[in-house]
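Student: With the sequence up front, the predicted model follows.
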Amino acid sequence: MQQRAGSKIALVFSALVFVAIGIGVFVGTRHFIADSRLVAHTHEVIGRIDEIQSQVLDAESAERGYLLTGSPAYLIDYQLSVERLPLLLSTLSKSITDNPDQTRNAARLEELVHRRLQQIQHVVDIYDSQGLEAARTAINQNAFRTTSAIREQVRTMVEEEHTLLVERAASSRRSADLLLGLAIAGIPFGLAVVASVYGILLSELRRRSRAERRAASASLQLADNLAQLERSSADLQTLGRYTGLLQSCASPEEALEISARTLESLLPGIAGSIYLLRASNDRAENIVSWGLPLVDTTAFLAPGDCWALRRGQPHLLEDLHSGASCPHIGHPAEGQSVATACIPMAAQGQQIGFLFLCGPGPGPLPRLAVAESAMEQLSLALSNLRLRESLRLQSIRDPLTGLYNRRYLEESLAREIARCGRRNFPLSVLMLDVDHFKQFNDTHGHAGGDAVLAAVGQLLSARLRGEDIACRYGGEEFTVILPESDSTDAHRYAEELRLAISQLAVPFSGKPLPSVTASIGLATYPTDGVVGLTLLRKADAALYRAKRNGRNRVAGFDAHLDGMG
């Protein structure tokens with residue numbers, strides 16, 4: 001009886017120990033997750049504050065650019081900043097409603113931002129109505145004080161968030177230490193309790209067997225839970241670092257390389273490849289791979305050759321010998337069991353590609369949820385990078401001809417002149433104008449005129465050297481920068497262009513349009529000038545002389561004939 005009572009006491013005691021450990025793990029885990037969310041929230045608030053300051057700086061830069069150049073493109077940048085700031089300020093206010101101090105700081109920041117935007121708009125209005133000198137006079141000391149106040153307010157809010165971040169990070173470390181302490185102390189103590197119960201129940205074989213099974217099961221369950229918790233925590237940390245790296249990537253190639261290394265560490269023993277769809281969506285290409293695959297997969301495939309791309313959801317096979325495998329996957333060796341997974345990648349409602357994984361079977365591949373989470377992050381990152389590249393190209397490319405625009409021309413000309421000046425190389429500028437284009441437009445309509453301009457743009461792109469730069473200057477005018485070309489080489493190149501344009505056959509509405517001709521003026525650095533604006537003006541003067549002399553010809557700048565020094 002005493003042994004049975006002791007056994008019962010020991011069993012109750014061991015159960016209480018494991019329950020206490022489980023409760024401790026549960027409580028510690030909840031605290032750890034809550035602290036992690038607070039840390040992420042603090043980082044998000046800091047990011048929003050930085051984004052508001054960045055938008056204010058963008059608005060100020062756009063104002064300065066507009067005052068210096070008068071280009072309406074800067075007003076577009078300014079309006080974008082003005083439209084985004086209220087939304088950013090509203091989002092910031094909503095995210096800090098739990099912090100009265102930061103709420104007051106946000107209200108103060110919003111007041112300063114609105115005041116600064118009003119000052120910027122006031123200067124722009126004066127510039128539009130009275131000119132640059134009046135606008136400069138309108139920029140008073142209050143504007144600089146407002147900008148300084150905004151920076152000080154941003155610094156105050158960021159310091160407040162950093163203080164919260166330190167506190168929350170310390171709380172997160174304490175939660176992690178609690179979990180680690182439970183893991184270190186709980187398992188040995190639990191095993192000791194099981195061993196004592198085992199010693200007490202030696203005389204009762206049947207009760208001892210049941211006690212051993214219960215203790216072993218509880219111990220294994222606890223060990224599995226702790227191991228799973230540790231793995232989940234490590235995976236979350238890895239995915240967090242991975243997401244941060246993706247957000248800082250400058251190119252899709254960099255994002256894919258980071259993804260390959262991350263997945264290789266998250267999925268040990270699993271080989272994989274990432275396929276991306278081409279812009280035409282007619283082919284998927286194997287961009288990056290890792291590990292030693294147990295089966296071959298094609299480097300290029302049609303979207304219909306992958307079930308994941310067809311159905312828009314993961315396609316998992318526990319054994320290639322049974323089930324509908326994708327056509328792009330080869331056959332495994334005789335007697336070898338291989339499990340595969342194809343996970344689609346999509347963002348903004350558009351398919352981007354898919355992830356292919358393979359490993360030993362039979363049975364499902366492990367930790368697919370982690371791979372799916374990583375692919376969601378990669379899809380968003382690739383979508384953002386493509387959008388960023390598209391916006392960059394739109395800002396410097398003319399949509400009709402595909403050539404660079406005037407803004408890019410002015411930046412590139414100054415850079416190329418400086419480079420050629422350092423190396424004592426010449427540089428030539430061609431100004432090209434389609435002859436009688438207004439009359440052509442009146443006869444064949446704007447669509448016909450656009451077709452001719454697009455064809456001229458394609459011709460210029462096809463005949464350029466790698467270092468040459470062709471731009472649409474405006475209307476039917478084009479500009480070509482020829483680095484390291486003197487006036488003789490430039491004249492020869494211009495004659496070739498003139499002849500090629502006169503031989504253009506532009507199809508339109510099922511029949512070719514009438515041929516057009518072009519007049520070309522050229523100026524050369526340093527003979528005709530050492531400043532980009534001067535070269536453009538002199539090339540333009542030579543162009544108008546070519547048009548006065550009968551059009552369809554090339555004219556170099558002549559100070560006596562063109563009336564410019």
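Tutor: Sure, I can see it.
Student: I'd assumed Ala470 was in a strand, is it?
Tutor: Yes - the assignment for Ala470 (DSSP: H, G, I helix; E, B strand; the rest coil) places it in a strand.
Student: Which residue, neighbours along the chain excluded, lies closest to it?
Tutor: Nearest residue to Ala470 in three dimensions, chain neighbours excluded: Leu460, at 4.2 Å (CB to CB, 6 or more residues apart in numbering). C-betas here are computed from N, CA, C, even on glycine.
Student: and what of Leu294?
Tutor: In space, and not counting its chain neighbours, Leu294 is closest to Val338: 4.7 Å by CB to CB, 6+ apart.
Student: Phi first, then psi, for the one you found.
Tutor: Taking degrees, to the nearest 10, you get phi -130, psi 130 for the backbone angles of Val338.
Student: Count the residues that sit near it.
Tutor: Applying other CB atoms under 10 Å, we find 23 residues neighbouring Val338.
Student: what sits against the residue nearest to Ala470?
Tutor: By CB atoms under 8 Å, 6 or more residues apart in numbering, Leu460 lies in contact with Thr401, Leu403, Ala470, Phe478, Val480, Leu497.
Student: and with 7 Å instead?
Tutor: Contact analysis of Leu460 by CB atoms under 7 Å, 6 or more residues apart in numbering lists Leu403, Ala470, Phe478, Val480.
Student: can you redo those as TSV with neighbour count, pLDDT and distance to Ile150?
Tutor: Putting the contacts of Leu460 into TSV (neighbours: other CB atoms under 10 Å; pLDDT from 0 to 100; distance: CB to CB, whole Å) gives the following:
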residue	neighbour count	pLDDT	distance to Ile150
Leu403	26	86	40
Ala470	24	91	42
Phe478	28	94	43
Val480	27	94	44
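Student: In CSV, list those along with distance to Asp562.
Tutor: Putting these into CSV (distance: CB to CB, whole Å) gives the following:
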residue, distance to Asp562
Leu403, 26
Ala470, 23
Phe478, 20
Val480, 19
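Student: wait, which of those is closest to Lys438?
Tutor: Distances from those to Lys438 were compared by CB to CB; the smallest belongs to Phe478, at 16.1 Å.
Student: Can you tell me, leaving aside adjacent residues, what's nearest to Gln53?
Tutor: Here the nearest residue to Gln53 in space, its sequence neighbours aside, is Val154; by CB to CB, 6+ apart that works out to 4.8 Å.
Student: cool, and Glu496?
Tutor: Take Glu496 and drop its neighbours on the chain: the residue closest to it by CB to CB, 6+ apart is Arg463, 7.2 Å away.
Student: Against Phe425, how distant is the one you found?
Tutor: Taken as CB to CB, to the nearest Å, the spacing of Arg463 relative to Phe425 amounts to 21 Å.
Student: Likewise for Val530?
Tutor: 13 Å.
Student: Look at these two and report which has more neighbours.
Tutor: Under the neighbour definition other CB under 10 Å, Val530 and Phe425 were set side by side, and Phe425 has more, 15 against 12.
Student: how about the spatially closest residue to that one that is not a sequence neighbour, what does it touch?
Tutor: The shortest distance from Phe425 to any residue that is not its chain neighbour, by CB to CB, 6+ apart, is 4.5 Å, and that residue is Glu484. In this structure, Glu484 makes contact with Cys420, Phe425, Pro426, Leu427, judged by CB under 7 Å, 6+ apart.
Student: Please state the backbone phi and psi of the last one?
Tutor: It stands for Leu427. Comment: the main-chain dihedrals of Leu427 come out as phi -150, psi 140, following degrees, to the nearest 10.
Student: Mind pulling the model confidence for it?
Tutor: Leu427 carries a pLDDT score of 95 in this model.
Student: starting at the chain centroid, how far to stretch 59-67?
Tutor: Averaging C-alpha coordinates over stretch 59-67 and over its chain gives two centres that are 25 Å apart (CA atoms, centre = their mean, to the nearest Å).
Student: Could you pull out the buried residues of that stretch?
Tutor: By neighbour count, and taking 16 or more other CB atoms under 10 Å as the criterion, the buried residues in stretch 59-67 are Ala59, Glu60, Ala62, Glu63, Gly65, Tyr66, Leu67.
Student: Tell me which entries of those residues lie within helices.
Tutor: When DSSP state H is applied, these are split such that Ala59, Glu60, Ala62, Glu63, Gly65, Tyr66, Leu67 fall in helices.
Student: Quick check: of these, which lies closest to Arg492?
Tutor: Sorting these by how near they are to Arg492, with CB to CB, puts Gly65 at the top with 37.9 Å.
Student: ok now do that closest one, which residues does it touch?
Tutor: With contacts defined as CB under 7 Å, 6+ apart, Gly65 is in contact with Ser71, Tyr74.
Student: How about Arg155?
Tutor: Arg155 makes contact with no residue under the criterion CB under 7 Å, 6+ apart.
Student: What distance do you get for it to Ile287?
Tutor: On the measure of CB to CB, Arg155 and Ile287 end up 42 Å apart.
Student: And Ala234, by the same measure?
Tutor: Using CB to CB, one obtains 27 Å as the distance from Ala234 to Ile287.
Student: Name the residue in the two with the higher neighbour count.
Tutor: Comparing Ala234 with Ile287 by neighbour count (other CB under 10 Å), the higher total belongs to Ile287, at 17 against 12.
Student: So for this structure, the centremost residue is which one?
Tutor: Among the residues of the chain, Leu385 comes closest to the average C-alpha position under CA atoms, centre = their mean, at 2.9 Å.
Student: Checking that residue next. Helix, strand or coil?
Tutor: The assignment at Leu385 comes out as helix when based on three-state DSSP.
Student: Could you check how many residues crowd around the closest residue to it other than its chain neighbours?
Tutor: Sequence neighbours aside, Pro252 is the residue nearest to Leu385 in space, at 5.3 Å (criterion: CB to CB, 6+ apart). Neighbours of Pro252 under the rule other CB under 10 Å: 17.
Student: What are the phi and psi values at Pro252?
Tutor: Note on Pro252: backbone dihedrals following degrees, to the nearest 10 are phi -60, psi -40.
Student: show me where the stretch 51-200 of the chain has helices.
Tutor: According to DSSP state H, counting those that start in this stretch, the stretch 51-200 of the chain carries its helices in the segments 72-95, 100-130, 132-138, 141-200.
Student: can you tell me which of these comes nearest to Arg551?
Tutor: Each of those was scored for nearness to Arg551 using CB to CB, and the closest is helix 72-95 (31.1 Å).
Student: neighbouring contacts of the closest one?
Tutor: Defining contact as CB under 7 Å, 6+ apart, one finds that helix 72-95 is touched by 44-45, 48-49, 51-52, 55, 58-59, 62-63, 65-66, 103, 106, 110, 113, 117, 407.
Student: Would you mark the buried spots in the helix or strand that Gln439 is a member of?
Tutor: Counting by DSSP states H and E, the secondary-structure element that holds Gln439 is helix 437-463. By neighbour count, and taking 16+ other CB under 10 Å as the criterion, the buried residues in helix 437-463 are 437, 440-441, 444, 448-449, 451-457, 459-460.
Student: Pull the most distant pair out of these.
Tutor: It's His444 and Leu460 that sit farthest apart of those, by CB to CB, at 21.1 Å.
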